[in-house]
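*Asks:* next comes the sequence, and after it the predicted model I'd like to discuss.
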Amino acid sequence: MVQSSRTLLCLTTIFLAIFNFINENVASSINGGWYTDEKLILATPGPCTVEVRDAASLSQREFIERYAYTKPVIIQHATDNKEFHKICEKDPMLQKYGSKKIRLSSANTHSYDKRDVTLKYYVEHVMKPQTLDMLGNETFYWFGDNNYTEWEELFKQYNPPPYKLPRMTGAYSFGVAGAGTGVPFHFHGPGFGEVIFGRKRWFLYPPEKTPSFHPNRTTLQWLMEDYPKLHPQDFPLDCTINQGEIIYFPDRWWHGTLNIDTSVFISTFLG
């Protein structure tokens, strides 16, 4: 009887180890190898209060008339970036670009502090899930500041959103970030944000409604501590975009971002 119990315990341990191994590898393959331990994910998607459109039914003319200057919109099936996704998987990315220098920015409103490291060093030693006790000015991650000449080969593989604003051209901003990281509320010109891998939650306010936030506290801290205290009239527009989806935000709209899990993303800033 004792021997049977020991055998059962041993088999159960082996089964759990195999199950966890398979589970991690399946999750990694789904997210391009950018695996995130579910126990370390602190944020979840919220209700989507941003209008969602399919590109098949959204013409350039309607985009200009309905969204370009007035309100954000989530656009599905707007681009075909399957090849770009393959390049951005973790192993190919590190193999091809691991030795390239990237510029990390502090994850606070002004992002005034910068650090230069290799992509490989960033992924292996810096990039990690955000914790609630870390401030934005203490958190560094890669969300832009790309040297276009160095990253031209990568950017050439990307198919940008098909929608245009008159007399404006786009500049790319590429990044990779750990779960729970993000940029607190800020604003700039109009643009698109696309998720390549992972999920990114967006919070948005129109230009005339300045959100209440501390510039050195993280979006994660704001979500957990400040968001629940808001009056319903002060709730932001809120939506999580998934792999292959695009969000458009108009000029000077306040927005804060939060990577729910390890995310790869690219923005097209218009100006």
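*Replies:* Received, thanks.
*Asks:* wait, a helix at Tyr122?
*Replies:* Yes: assignment of Tyr122 by DSSP: H, G, I helix; E, B strand; the rest coil places it within a helix.
*Asks:* what about it, how many neighbours?
*Replies:* 21 (other Cβ atoms under 10 Å). Yep, even glycine has a C-beta here, placed from its N, CA and C like the rest.
*Asks:* ditto for Trp34
*Replies:* Residues near Trp34, counting by other Cβ under 10 Å, number 25.
*Asks:* just confirm it is within a strand.
*Replies:* No: going by three-state DSSP, the assignment for Trp34 is coil, not a strand.
*Asks:* need the contact list for the nearest residue to it once chain neighbours are set aside.
*Replies:* With Cβ to Cβ, 6 or more residues apart in numbering as the criterion, Trp34 has its nearest non-adjacent residue at 4.2 Å, and that residue is Thr262. The contact partners of Thr262, taken as Cβ atoms under 8 Å, 6 or more residues apart in numbering, are Asn31, Trp34, Tyr35, Thr36, Met127, Val176, Ala177, Gly178, Ala179, Phe197, Gly198.
*Asks:* ok, now how distant is Thr262 from Met127?
*Replies:* 8 Å (Cβ to Cβ, to the nearest Å).
*Asks:* identify the contacts common to those two.
*Replies:* Counting by Cβ under 8 Å, 6+ apart, the common neighbours of Thr262 and Met127 are Val176, Ala177, Gly178.
*Asks:* pick the one among these closest to Pro190.
*Replies:* Proximity of those to Pro190 (Cβ to Cβ) peaks at Ala177, which lies at 22.2 Å.
*Asks:* run through the bridge partners of the closest one.
*Replies:* Applying DSSP bridges to Ala177 gives these bridge partners: Ser263.
*Asks:* that one - how many residues pack around it?
*Replies:* 30.
*Asks:* again with the one 10 residues further on
*Replies:* Phe187 is surrounded by 15 other residues when neighbours are defined as other Cβ under 10 Å.
*Asks:* if I look at it, how far off is Pro45?
*Replies:* 23 Å.
*Asks:* with Tyr172 instead?
*Replies:* 26 Å.
*Asks:* Tyr148 now?
*Replies:* From Tyr148 to Pro45 the distance is 32 Å (Cβ to Cβ).
*Asks:* neighbour count: the two, which is higher?
*Replies:* For Tyr148 versus Pro45, neighbours defined as other Cβ under 10 Å are more numerous around Pro45 (15 against 9).
*Asks:* now the more buried one. Nearest residue, chain neighbours left out?
*Replies:* Thr240 (3.8 Å).
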